[in-house]
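Participant: Quick one, fold the following:
(one chain, ligands or ions: 3)
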Amino acid sequence: MESPGEFPTQKDTSKNFSNEASVVFVLGGPASGKGTQCPKIVEHFGFTHLCVGELLEEETKSGSENGKMIRNFKLEGKIVPSEVTVGILQQAMQQSENKKFIIDGFPRNEENLATFEKTVKVEPEFVLFFDCPEEELKRRLLNRNQGRADDNPVTIEKRLKVFKESTLPVINYYSSKGKINAQRSVEQVFEDIRNVFSKLNPGSKGASTI
Ligand SMILES: Nc1ncnc2c1ncn2[C@@H]1O[C@H](COP(=O)(O)OP(=O)(O)OP(=O)(O)O)[C@@H](O)[C@H]1O
Ligand SMILES: O=c1ccn([C@@H]2O[C@H](COP(=O)(O)O)[C@@H](O)[C@H]2O)c(=O)[nH]1
Ligand SMILES: [Mg+2]
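Facilitator: Ligands and ions are numbered 1, 2, ... in the order given. Predicted structure coming up:
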(Lines give C-alpha, C1' and ligand atoms only; values in the text may rest on other atoms or scores of the structure.)
(Ligands and ions follow the chains in the order given, each with its own letter.)
Protein backbone atom coordinates (compact mmCIF):
# COMPACT_ATOMS: atom_id res chain seq x y z
CA MET A 1 0.00 0.00 0.00
CA GLU A 2 1.44 3.38 -0.94
CA SER A 3 -1.01 5.77 0.66
CA PRO A 4 -4.55 5.86 2.08
CA GLY A 5 -5.55 7.43 -1.23
CA GLU A 6 -5.55 3.94 -2.73
CA PHE A 7 -8.71 3.11 -0.84
CA PRO A 8 -12.13 3.98 -2.21
CA THR A 9 -13.47 6.81 -0.10
CA GLN A 10 -16.20 8.48 -2.14
CA LYS A 11 -19.69 7.64 -0.92
CA ASP A 12 -22.08 6.81 -3.75
CA THR A 13 -25.64 6.99 -2.44
CA SER A 14 -27.39 6.06 -5.69
CA LYS A 15 -29.08 2.90 -4.34
CA ASN A 16 -32.08 3.00 -1.99
CA PHE A 17 -30.83 0.16 0.19
CA SER A 18 -27.53 1.96 0.65
CA ASN A 19 -29.21 5.14 1.79
CA GLU A 20 -30.95 3.29 4.62
CA ALA A 21 -28.28 0.85 5.75
CA SER A 22 -25.88 1.38 8.63
CA VAL A 23 -22.76 -0.75 8.76
CA VAL A 24 -20.04 -1.27 11.35
CA PHE A 25 -17.11 -3.47 10.36
CA VAL A 26 -15.77 -5.65 13.20
CA LEU A 27 -12.14 -6.62 12.67
CA GLY A 28 -9.28 -8.14 14.65
CA GLY A 29 -6.95 -11.10 14.52
CA PRO A 30 -8.23 -14.65 14.62
CA ALA A 31 -9.67 -15.39 18.10
CA SER A 32 -9.50 -11.75 19.18
CA GLY A 33 -13.09 -12.12 20.45
CA LYS A 34 -15.28 -10.80 17.61
CA GLY A 35 -17.74 -13.68 17.72
CA THR A 36 -17.93 -13.48 21.51
CA GLN A 37 -18.78 -9.77 21.61
CA CYS A 38 -21.03 -9.38 18.55
CA PRO A 39 -24.09 -11.04 20.16
CA LYS A 40 -23.81 -8.50 23.00
CA ILE A 41 -23.87 -5.64 20.48
CA VAL A 42 -26.96 -7.21 18.90
CA GLU A 43 -28.63 -7.43 22.32
CA HIS A 44 -27.82 -3.87 23.43
CA PHE A 45 -27.80 -1.87 20.20
CA GLY A 46 -30.19 -3.64 17.83
CA PHE A 47 -27.76 -4.52 15.06
CA THR A 48 -27.92 -7.70 13.00
CA HIS A 49 -24.72 -9.74 13.23
CA LEU A 50 -23.36 -11.02 9.93
CA CYS A 51 -20.32 -13.23 10.52
CA VAL A 52 -18.77 -13.53 7.08
CA GLY A 53 -16.66 -16.59 8.00
CA GLU A 54 -19.88 -18.36 9.00
CA LEU A 55 -21.74 -17.24 5.87
CA LEU A 56 -18.89 -18.72 3.83
CA GLU A 57 -19.03 -21.91 5.91
CA GLU A 58 -22.75 -22.26 5.09
CA GLU A 59 -21.87 -22.05 1.40
CA THR A 60 -19.43 -24.98 1.80
CA LYS A 61 -22.37 -27.09 2.94
CA SER A 62 -24.37 -26.32 -0.21
CA GLY A 63 -22.23 -28.65 -2.36
CA SER A 64 -21.72 -25.88 -4.96
CA GLU A 65 -18.44 -25.35 -6.85
CA ASN A 66 -17.94 -22.14 -4.88
CA GLY A 67 -18.46 -24.16 -1.71
CA LYS A 68 -15.60 -26.51 -2.57
CA MET A 69 -13.33 -23.59 -3.42
CA ILE A 70 -14.23 -21.82 -0.14
CA ARG A 71 -13.43 -24.94 1.91
CA ASN A 72 -9.95 -25.07 0.36
CA PHE A 73 -9.33 -21.37 0.90
CA LYS A 74 -10.35 -21.62 4.56
CA LEU A 75 -8.08 -24.59 5.17
CA GLU A 76 -5.21 -22.61 3.67
CA GLY A 77 -6.14 -19.53 5.71
CA LYS A 78 -6.50 -17.60 2.44
CA ILE A 79 -8.93 -14.82 1.63
CA VAL A 80 -11.81 -15.97 -0.57
CA PRO A 81 -12.17 -13.95 -3.84
CA SER A 82 -13.99 -10.70 -3.22
CA GLU A 83 -16.80 -11.12 -5.72
CA VAL A 84 -17.81 -14.42 -4.08
CA THR A 85 -17.72 -13.05 -0.53
CA VAL A 86 -19.44 -9.78 -1.36
CA GLY A 87 -22.16 -11.59 -3.32
CA ILE A 88 -22.94 -13.79 -0.31
CA LEU A 89 -22.76 -10.84 2.09
CA GLN A 90 -24.96 -8.60 -0.04
CA GLN A 91 -27.59 -11.33 -0.28
CA ALA A 92 -27.63 -11.71 3.52
CA MET A 93 -28.04 -7.94 3.93
CA GLN A 94 -30.86 -7.77 1.41
CA GLN A 95 -32.70 -10.67 3.06
CA SER A 96 -32.61 -9.00 6.46
CA GLU A 97 -35.54 -6.99 7.80
CA ASN A 98 -33.04 -4.94 9.79
CA LYS A 99 -30.85 -2.32 8.13
CA LYS A 100 -28.24 -2.04 10.90
CA PHE A 101 -25.40 -4.50 10.47
CA ILE A 102 -22.28 -5.45 12.33
CA ILE A 103 -20.16 -7.22 9.75
CA ASP A 104 -17.74 -9.56 11.53
CA GLY A 105 -14.44 -10.55 9.91
CA PHE A 106 -14.75 -8.44 6.77
CA PRO A 107 -13.14 -6.68 4.84
CA ARG A 108 -9.99 -8.84 5.00
CA ASN A 109 -8.04 -6.85 2.42
CA GLU A 110 -8.13 -3.75 0.23
CA GLU A 111 -9.83 -5.58 -2.64
CA ASN A 112 -12.64 -6.78 -0.31
CA LEU A 113 -13.24 -3.19 0.74
CA ALA A 114 -13.20 -1.81 -2.81
CA THR A 115 -15.61 -4.52 -4.01
CA PHE A 116 -17.98 -3.89 -1.09
CA GLU A 117 -18.05 -0.14 -1.73
CA LYS A 118 -18.58 -0.61 -5.46
CA THR A 119 -21.30 -3.26 -5.07
CA VAL A 120 -23.13 -2.54 -1.82
CA LYS A 121 -22.44 1.18 -1.91
CA VAL A 122 -22.38 1.70 1.86
CA GLU A 123 -19.60 3.29 3.88
CA PRO A 124 -19.12 2.00 7.43
CA GLU A 125 -20.04 4.20 10.37
CA PHE A 126 -16.73 3.10 11.87
CA VAL A 127 -14.52 0.05 12.32
CA LEU A 128 -14.48 -1.76 15.64
CA PHE A 129 -10.96 -3.14 16.00
CA PHE A 130 -10.13 -5.83 18.57
CA ASP A 131 -6.48 -5.22 19.33
CA CYS A 132 -4.82 -8.28 20.86
CA PRO A 133 -1.19 -9.52 21.01
CA GLU A 134 -0.32 -12.49 18.84
CA GLU A 135 0.68 -14.73 21.75
CA GLU A 136 -2.76 -14.31 23.30
CA LEU A 137 -4.42 -15.01 19.92
CA LYS A 138 -2.44 -18.25 19.58
CA ARG A 139 -3.32 -19.31 23.11
CA ARG A 140 -7.04 -18.74 22.45
CA LEU A 141 -6.94 -20.41 19.04
CA LEU A 142 -5.33 -23.55 20.40
CA ASN A 143 -7.83 -23.72 23.27
CA ARG A 144 -11.01 -22.85 21.37
CA ASN A 145 -12.18 -26.45 20.88
CA GLN A 146 -15.15 -25.62 18.68
CA GLY A 147 -14.25 -28.16 16.01
CA ARG A 148 -13.10 -25.61 13.44
CA ALA A 149 -11.00 -27.26 10.73
CA ASP A 150 -8.83 -24.11 10.50
CA ASP A 151 -7.93 -24.10 14.22
CA ASN A 152 -4.83 -26.26 13.72
CA PRO A 153 -1.22 -25.11 14.20
CA VAL A 154 -0.38 -24.98 10.48
CA THR A 155 -3.47 -23.02 9.40
CA ILE A 156 -3.24 -20.77 12.46
CA GLU A 157 0.22 -19.56 11.37
CA LYS A 158 -1.12 -18.85 7.87
CA ARG A 159 -4.15 -16.97 9.20
CA LEU A 160 -1.98 -14.80 11.45
CA LYS A 161 0.33 -13.98 8.54
CA VAL A 162 -2.60 -13.05 6.27
CA PHE A 163 -4.05 -10.90 9.05
CA LYS A 164 -0.81 -8.93 9.47
CA GLU A 165 -0.09 -8.55 5.76
CA SER A 166 -3.57 -7.96 4.31
CA THR A 167 -6.08 -7.01 7.02
CA LEU A 168 -4.04 -4.72 9.29
CA PRO A 169 -3.48 -2.20 6.45
CA VAL A 170 -7.27 -1.92 6.03
CA ILE A 171 -7.73 -1.44 9.80
CA ASN A 172 -4.98 1.19 9.90
CA TYR A 173 -6.70 3.12 7.15
CA TYR A 174 -9.66 3.88 9.40
CA SER A 175 -9.59 6.24 12.40
CA SER A 176 -8.71 4.84 15.84
CA LYS A 177 -12.16 5.68 17.23
CA GLY A 178 -13.20 2.00 17.44
CA LYS A 179 -9.95 0.50 18.73
CA ILE A 180 -10.51 -1.78 21.73
CA ASN A 181 -7.96 -3.46 23.99
CA ALA A 182 -9.17 -7.06 23.56
CA GLN A 183 -6.72 -8.64 26.01
CA ARG A 184 -9.00 -8.20 29.01
CA SER A 185 -12.01 -10.02 30.39
CA VAL A 186 -15.09 -10.44 28.18
CA GLU A 187 -16.96 -8.01 30.46
CA GLN A 188 -14.23 -5.33 30.38
CA VAL A 189 -14.01 -5.54 26.61
CA PHE A 190 -17.75 -5.08 26.30
CA GLU A 191 -17.66 -2.00 28.54
CA ASP A 192 -15.37 -0.30 26.00
CA ILE A 193 -17.54 -1.44 23.12
CA ARG A 194 -20.60 -0.06 24.88
CA ASN A 195 -18.86 3.32 25.22
CA VAL A 196 -17.99 3.41 21.54
CA PHE A 197 -21.54 2.56 20.41
CA SER A 198 -23.12 4.91 22.96
CA LYS A 199 -21.11 7.79 21.51
CA LEU A 200 -22.48 7.24 18.01
CA ASN A 201 -23.66 10.55 16.66
CA PRO A 202 -27.43 10.82 17.49
CA GLY A 203 -28.06 11.68 13.83
CA SER A 204 -26.28 8.53 12.74
CA LYS A 205 -28.32 5.71 11.20
CA GLY A 206 -26.94 3.21 13.72
CA ALA A 207 -27.34 5.33 16.85
CA SER A 208 -30.44 4.07 18.64
CA THR A 209 -30.21 1.64 21.58
CA ILE A 210 -32.74 -0.99 22.62
N1 LIG B 1 -11.88 -11.42 26.42
C2 LIG B 1 -11.56 -12.72 26.31
N3 LIG B 1 -10.69 -13.29 27.17
C4 LIG B 1 -10.35 -14.59 27.08
N5 LIG B 1 -10.84 -15.45 26.13
C6 LIG B 1 -11.71 -14.92 25.23
C7 LIG B 1 -12.11 -13.55 25.28
N8 LIG B 1 -12.98 -13.33 24.26
C9 LIG B 1 -13.11 -14.49 23.61
N10 LIG B 1 -12.36 -15.46 24.19
C11 LIG B 1 -12.22 -16.86 23.76
O12 LIG B 1 -11.32 -16.88 22.67
C13 LIG B 1 -11.75 -17.79 21.68
C14 LIG B 1 -11.98 -17.05 20.38
O15 LIG B 1 -13.07 -16.14 20.54
P16 LIG B 1 -14.01 -15.78 19.31
O17 LIG B 1 -14.47 -17.02 18.65
O18 LIG B 1 -15.02 -14.84 19.82
O19 LIG B 1 -12.96 -15.03 18.37
P20 LIG B 1 -13.11 -14.47 16.88
O21 LIG B 1 -12.47 -13.14 16.85
O22 LIG B 1 -14.53 -14.58 16.44
O23 LIG B 1 -12.21 -15.51 16.08
P24 LIG B 1 -12.23 -15.89 14.52
O25 LIG B 1 -11.75 -14.72 13.75
O26 LIG B 1 -11.24 -17.03 14.43
O27 LIG B 1 -13.63 -16.29 14.17
C28 LIG B 1 -13.01 -18.46 22.23
O29 LIG B 1 -12.66 -19.68 22.84
C30 LIG B 1 -13.53 -17.46 23.26
O31 LIG B 1 -14.23 -18.09 24.31
O1 LIG C 1 -14.35 -11.90 4.54
C2 LIG C 1 -13.88 -13.03 4.77
C3 LIG C 1 -14.10 -13.72 5.96
C4 LIG C 1 -13.55 -14.97 6.12
N5 LIG C 1 -12.83 -15.54 5.15
C6 LIG C 1 -12.29 -16.92 5.29
O7 LIG C 1 -12.89 -17.58 6.40
C8 LIG C 1 -11.89 -17.92 7.35
C9 LIG C 1 -12.43 -17.83 8.74
O10 LIG C 1 -12.86 -16.50 9.00
P11 LIG C 1 -13.11 -15.97 10.52
O12 LIG C 1 -13.57 -14.56 10.39
O13 LIG C 1 -11.79 -16.06 11.19
O14 LIG C 1 -14.12 -16.86 11.11
C15 LIG C 1 -10.71 -17.00 7.05
O16 LIG C 1 -9.46 -17.51 7.49
C17 LIG C 1 -10.79 -16.93 5.52
O18 LIG C 1 -10.26 -18.09 4.94
C19 LIG C 1 -12.61 -14.88 3.96
O20 LIG C 1 -11.92 -15.38 3.06
N21 LIG C 1 -13.15 -13.63 3.80
MG1 LIG D 1 -15.42 -15.54 14.78
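Participant: Output the below-cut-off pLDDT ranges for this structure.
Facilitator: Within the chain, the segments meeting pLDDT under 70 span 1-19, 201-203.
Participant: what ranges do the strands span in this protein?
Facilitator: Here the chain has its strands, by DSSP state E, at 22-28, 48-51, 100-104, 126-131, 179-181.
Participant: With mean neighbour count and distance to ligand 1 added, can I get these in JSON lines?
Facilitator: C-beta here means a position set from N, CA and C on the backbone, and glycine is covered the same way. JSON lines is the format used below for those (neighbours: other C-beta atoms under 10 Å; distance: least, C-beta to the nearest ligand atom, whole Å):
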{"stretch": "strand 22-28", "mean neighbour count": "24", "distance to ligand 1": "6"}
{"stretch": "strand 48-51", "mean neighbour count": "18", "distance to ligand 1": "7"}
{"stretch": "strand 100-104", "mean neighbour count": "24", "distance to ligand 1": "7"}
{"stretch": "strand 126-131", "mean neighbour count": "23", "distance to ligand 1": "6"}
{"stretch": "strand 179-181", "mean neighbour count": "18", "distance to ligand 1": "10"}
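Participant: mind putting those strands in a markdown table, distance to E58 included?
Facilitator: Below are the strands of the chain laid out as a markdown table (distance: least, C-beta to C-beta, whole Å):
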| stretch | distance to E58 |
| --- | --- |
| strand 22-28 | 19 |
| strand 48-51 | 10 |
| strand 100-104 | 14 |
| strand 126-131 | 23 |
| strand 179-181 | 28 |
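Participant: how about those strands, which one is nearest R194?
Facilitator: Among those, the nearest to R194 by C-beta to C-beta is strand 179-181 (10.5 Å).
Participant: what's in contact with that closest one?
Facilitator: For strand 179-181, the external contacting residues (C-beta atoms under 8 Å, 6 or more residues apart in numbering) are 128-131, 189, 192-193, 196.
Participant: burial count for I193?
Facilitator: Residues near I193, counting by other C-beta atoms under 10 Å, number 23.
Participant: From what I see, it and K40 are in contact.
Facilitator: Yes. If you go by C-beta atoms under 8 Å, I193 and K40 touch, sitting 7.2 Å apart.
Participant: Show me which residues of the chain sit near ligand 2.
Facilitator: With C-beta under 6 Å from any ligand atom as the criterion, the chain meets ligand 2 at residues 30, 52-53, 56, 73-74, 77-80, 85, 105-106, 108, 112, 150, 159.
Participant: Kindly supply the ChimeraX command isolating those of the residues you listed that are buried.
Facilitator: The ChimeraX command for the buried members of these (criterion: 16 or more other C-beta atoms under 10 Å) is given here:
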select :30,52,53,56,73,74,77,78,79,80,85,105,106,108,112,150,159
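Participant: Having no further points to raise, I will conclude here.
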